[in-house]
Structure formats: C-alpha cells, structure tokens
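Trainee: model the structure of this input:
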Amino acid sequence: MSQEDSFKALLEAVVLENIDGCVELSSVERLSGGASQETYRLRIQTSNREEKLLALRRAAGGEFQERSAQHPGLDVEALLMQSARSVGVPEPQVYYVLQRHDRLGDGFIMEWLEGETLGSRILKLPELQNVREGLAYECGKVLAKIHAIDLGSTGLKARLWEISPREFVEQTWERYKLLETPQPMIDFTARWLLENIPENYSLTLVHNDFRNGNFMLSSTGIVAVLDWEVAHIGDPMRDLGWICTNSWRFGQEPPVGGFGEYEDLFRGYEEESGSKVNPDHVKFWEVFGSFWWAVGSLGMAEHFRSGPDKTVERPIIGRRTSECQVDCVNLLIPGPVQLLKNEHSTSSVDMPRADELLVSVRDFLRDSVMKKVEGRDKFLARVAANSLDIVSRELALAPGHLQGELNRLREMFSSNQDLISLRERLVKAIREKEFSLANNSLHLHLRTTVVNQIAIDQPNYSGFKKAILAGSG
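Mentor: Numbers count the residues shown, from 1 in each chain. This is a model prediction of the structure:
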C-alpha cells in the first residue's frame, strides 16, 4: 500500500467512526498553500445518500507535535475556534480532534465552509466589491470580540502562553540570533522597537495572525477566522498592527489589508469594545509585524534545511525576509537610495548560458507544467518558476550589490575584512549600541543594502516601489 493510500485508509477509519452519518470517504484533496500546516478537503457520503464536504487541518508531514507554552498544538487551535464561535466570531464547527491512536498526526476535522481565502483575490473579485467597502470596520468588530473571550471559563488561560510587548520583541530577536545569519536591518529594527515599547497595554487573547488571507470572505462578510496556531495572551493591539502590516496588503495602498483605512478599523474596534485605540500604539505593532515576519521568513528557510517538510515553498518564503526589511526601512528610515544596474553580460563562451538554462526551465514550468496540473501541484510549480526568477536576477545583480555593500562596510570600519566578517561586525555594533539609531551614514547603508536586495528577491513588491519613490522625492 502506498503512503497516499495508507493515509486515506487511516483517515476513512476516523471519519466513519466519528462523523455522524458518514458511510464512505469518497476523496481527499490537499489544498495549495499552508507552509506550516496542511489543509485537506474531504468528500464523504452520508447514510441518506448525500455528499458532504469536510475540512482536515493537520500538522505538516503528519507529525505529532511537541507541546509547549508557545506551541500548544492543534487541539488547542480547535478549542480556540470553538471558543470564538461561542461569542459570535464567524467560525466553522469542529467535529473531531485527532488522537494519537489515529496515527494521522495532530489535527482536527471541521465543517467545510465556502468563501474566498486568498488575499489577492479578496482585493480584486468584483463580487466582493460591496463587502470590501465595510471590511475594515467588520475586522475591527471581529477583533474586539476575539479580545473579549473569557480566558478562564474557556480553559484557554491554562493552555496559552502569556507575553508582554518587550518580551515578544526580545524573544523574536533571540530567535533570529540563533539562525546565525547577519541581517543588520533586523537588528536595527529590534533596537528601535525596544526603545519604543508601549507603556500602557492590557492582556487579552491575541489571535496573532489575523490578516487578509487568514479569514474566509463571502459576499455577505467574514465567514470564518482561520489559522489560530500562534494565538497567545498579550497586547491586543498586536492584532490591529498585524492586519496593517504591508506584507498583507498584497500590493494595494489602503493600509488595512489592502482594502480599508485605519479609521474604519479603529471605529469598528472601538464600537464593539468600548475602548479607544491609540494610533501610535498600533504603529509600534505594525513595525513589529514586519520585524516578526522578517525573522519568521528566515525560520522557514531554516526549517527547509533541517525539517521534515522540504517542499519548494519553504526556501522561497525565506527570501521574503527582504520584503519585510524594506517595509522596516520605509517605516523607520526612508530616504534616497542608489539602485544598481543589471550587469549581466549577454556574451558567453557557454552555449547555452546559465541564465538561458534557467529561463528554459522556468518557462517549461509556467507554460507546460502549470497547464497540466491542478491544486497544490499547480501552486508549487508556480513557486518553483518564481524561485528560478530570483536566481536569474541574482546572477545579474548580486555581484555589484555585494561589492557595493563590501565597499561601504570597509569605509565604515576602516577595514579590509571580507564581507561576512564586516556584516557580522556591523550587527554586533548595532546590538551593542555603538551606533546611534539616528546615524545618517548607517541609515544610508541599511537602505541601500536592503533596497538592492529586494530588487533581486521581489522587484514587484509594493515596499520596493515605495522605497524608490521615497528616494526620488
């Protein structure tokens, strides 16, 4: 029996035993996306001869996750969804939480709901135009309901970790340091955050990943809030800052998820909660959002190297750290920057050249493979083609980019050390406060380095375009 057949057989035994009226598991389809968790659409037959759809959410690779305060497990995620549903937050009904004897890893089976979850489509679909107009306000109200969930009566207080804003920054910074990959803009942002910690905050349930793309939307509004895996007890303004983080605007200008304005988000929250929102407090968490995701993206790349899930999706997410870093540049140190030109030579003794080989494979993936596959395979083929685009741009731009970084660092430290040594030296100097956060030379170096890196990684990213406009202005 193949691994796929074994998985379906084990799953069928679970649904037959635990889903009322189920007589057959007809099909199992893994959906696209989901770098840290897996999502499947299950089609079952019921005793009254009706077809019914369910959803399975499972740990990546079918693992049994180690429980900790910071990673309480998918059974707690199911409890979070049930608790939110009980106070009027749109959520699917959870039918069954997987047990160890099911041999399927951690996860749960829930009601299948119809709606749009892709952030870019939420911003573009004509049929969602009317709901988009009031969506920022609706998000504010939903977040206020989440933050009002009683932690004691639901049992969540004993299952979730509690963290203050300062601890959150310090913990994220330490997680980045353990990766041992010097990224000076991350260290600069960490210092700024620690020097601007909010003085007044409450402690509530925090979803911690509420954003465009993590809720399901229909023409009537939000159908379900998804992906509770990183929920905790902390400052509720973390959620308001996160939905405003540029990574989740999908190239659109409105700050709230690419679809709404700060004022509407705050109004919905204030009307539901009765509490006034401080925009500066939310701004802190917006900066933190880019900082946190810059570190999280690097963690995805590390997981590709050492973890069980070695899909093509994880390493390209690692390259998204430059997107987050350019957002930090735009929020904290905007200004002029010099972009490097393409230095790739069209002449070569190689026949064909390396860039031509890359283009041929990329075009095969886009023009042939993607037309013949569906679902997650189509998604991964697109990701693979995008990865080859990055490599192609790196061949053309990286030599000049890295030489420029080396020249600036050698001048900054009056040293002839190699690039990695000097980059590590700069990181150390930022951490030990040898540089003021107001140092203009440091600002120029960080801007130039980050903006030229994003030109390689993702030149279509909105933060890159914003940085160029800021420099030209």
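
Trainee: I'd say V14 and D102 touch.
Mentor: Yes - under the criterion of Cβ atoms under 8 Å, V14 makes contact with D102 at 5.2 Å. C-betas here are computed from N, CA, C, even on glycine.

Trainee: now R362, nearest residue through space, not along the chain?
Mentor: L388 (4.1 Å; Cβ to Cβ, 6 or more residues apart in numbering).

Trainee: the more surrounded of V14 and D102?
Mentor: More neighbours surround V14 than the other of V14 and D102, with 21 against 17 (other Cβ atoms under 10 Å).

Trainee: tell me how far the spatially most central residue of the chain lies from L397.
Mentor: With distances taken as Cα atoms, centre = their mean, W293 lies nearest the centre of the chain, 6.2 Å away. For W293, the distance to L397 (Cβ to Cβ, to the nearest Å) stands at 24 Å.

Trainee: now K52
Mentor: K52 is 52 Å from L397, by Cβ to Cβ.

Trainee: returning to that earlier point: which residues touch the residue nearest to the centre of the chain?
Mentor: For W293, the contact set (Cβ atoms under 8 Å, 6 or more residues apart in numbering) comprises T245, S247, R320, C324.

Trainee: distance of the third one from P90?
Mentor: Applying Cβ to Cβ, one obtains 28 Å for the distance of R320 from P90.

Trainee: related to what we said a few turns ago, just the buried ones out of the contacts of W293, please.
Mentor: For the contacts of W293, a neighbour count by 16 or more other Cβ atoms under 10 Å gives the buried set as T245, S247, R320, C324.

Trainee: would you check that the second one makes contact with F291?
Mentor: If I follow you right, that is S247. No - contact criterion Cβ under 8 Å: S247 and F291 do not qualify, at 11.3 Å.

Trainee: so where's the chain uncertain?
Mentor: By pLDDT under 70, the low-scoring segments of the chain are 1, 32-36, 65-70, 308-309, 343-350, 471-473.

Trainee: roughly how far out does the strand or helix carrying F379 sit from the chain middle?
Mentor: Secondary structure assignment for F379, by DSSP states H and E: helix 375-413. Computed by Cα atoms, centre = their mean, to the nearest Å, the chain-centroid distance of helix 375-413 equals 20 Å.

Trainee: same question for stretch 191-207.
Mentor: Centroid displacement of stretch 191-207 relative to its chain, using Cα atoms, centre = their mean, is 20 Å.

Trainee: that stretch: end-to-end distance?
Mentor: Chord length of stretch 191-207, first to last residue, is 25 Å (Cα to Cα, to the nearest Å).

Trainee: buried stuff in that stretch?
Mentor: R191, W192, L193, N196, P198, Y201, T204, L205, V206, H207.

Trainee: cool, and stretch 364-372?
Mentor: Quick answer for stretch 364-372 (16+ other Cβ under 10 Å): L365, R366, V369, M370.

Trainee: same check on stretch 110-122?
Mentor: M110, L113, G115, E116, T117, G119, I122.

Trainee: and if you look at stretch 47-64?
Mentor: Buried-residue list, stretch 47-64, by 16+ other Cβ under 10 Å: L54, A55, L56, R57, R58, A59, A60, G62.

Trainee: now distance to S219 too, for these, in CSV please.
Mentor: Listed next are the buried residues of stretch 47-64 as CSV, based on distance: Cβ to Cβ, whole Å:
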residue, distance to S219
L54, 23
A55, 21
L56, 26
R57, 25
R58, 30
A59, 33
A60, 32
G62, 36
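
Trainee: what is the most widely separated pair among those residues?
Mentor: L54 and A60 (19.6 Å; Cβ to Cβ).

Trainee: which residue ranges form the helices in the stretch 51-200 of the chain?
Mentor: Assigned by DSSP state H, counting those that start in this stretch, the helices in the stretch 51-200 of the chain fall at 74-86, 119-122, 129-133, 135-147, 165-178, 184-194.

Trainee: for R305, find the nearest of these.
Mentor: Closest to R305 of the helices of the stretch 51-200 of the chain, according to Cβ to Cβ: helix 165-178, at 13.5 Å.

Trainee: hmm, who's touching that closest one?
Mentor: For helix 165-178, using Cβ under 8 Å, 6+ apart, the contacting residues are 163, 183, 186-187, 190, 193-194, 197-198, 201, 234-235, 238, 284, 288, 291-292, 294-295, 298-299.

Trainee: continuing past the helix or strand hosting the residue nearest to the centre of the chain, what's the next helix or strand?
Mentor: When elements are assigned from DSSP H and E, W293 belongs to helix 279-306. From helix 279-306 onward toward the C-terminus, using DSSP H and E, the following helix or strand is helix 313-318.

Trainee: what about R353, distance to L395?
Mentor: 9 Å.

Trainee: likewise for M370?
Mentor: 24 Å.

Trainee: can you check E356 too?
Mentor: Plainly put, E356 is 11 Å away from L395 if you go by Cβ to Cβ.

Trainee: which of these two has more residues huddled nearby?
Mentor: A count of neighbours by other Cβ under 10 Å puts L395 above the other of E356 and L395, at 17 against 14.

Trainee: okay, the helices of the stretch 51-200 of the chain in a markdown table with distance to D20 next?
Mentor: Shown next, in a markdown table, are the helices of the stretch 51-200 of the chain (distance: least, Cβ to Cβ, whole Å):
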| stretch | distance to D20 |
| --- | --- |
| helix 74-86 | 17 |
| helix 119-122 | 33 |
| helix 129-133 | 33 |
| helix 135-147 | 29 |
| helix 165-178 | 42 |
| helix 184-194 | 49 |
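
Trainee: nearest to I456, of those helices?
Mentor: helix 184-194 (15.0 Å).

Trainee: give the next helix or strand downstream of that closest one.
Mentor: Counting by DSSP H and E, the next helix or strand C-terminal to helix 184-194 is strand 204-206.

Trainee: other SSEs contacting that following strand?
Mentor: With contacts taken as 3 or more Cβ pairs under 8 Å, 6 or more residues apart in numbering; DSSP states H and E, strand 204-206 sits against helix 135-147, strand 232-234.

Trainee: just name the most buried of those.
Mentor: Highest mean neighbour count of the helices and strands packed on strand 204-206: helix 135-147, a mean of 23 (counted as mean count of other Cβ atoms under 10 Å).

Trainee: hmm, who's touching that one?
Mentor: Against helix 135-147 from outside (Cβ under 8 Å, 6+ apart): 84, 87-90, 204-207, 210, 215, 217, 221-222, 225, 236, 239-240, 243, 254, 256-257, 259-261, 264-273, 275.
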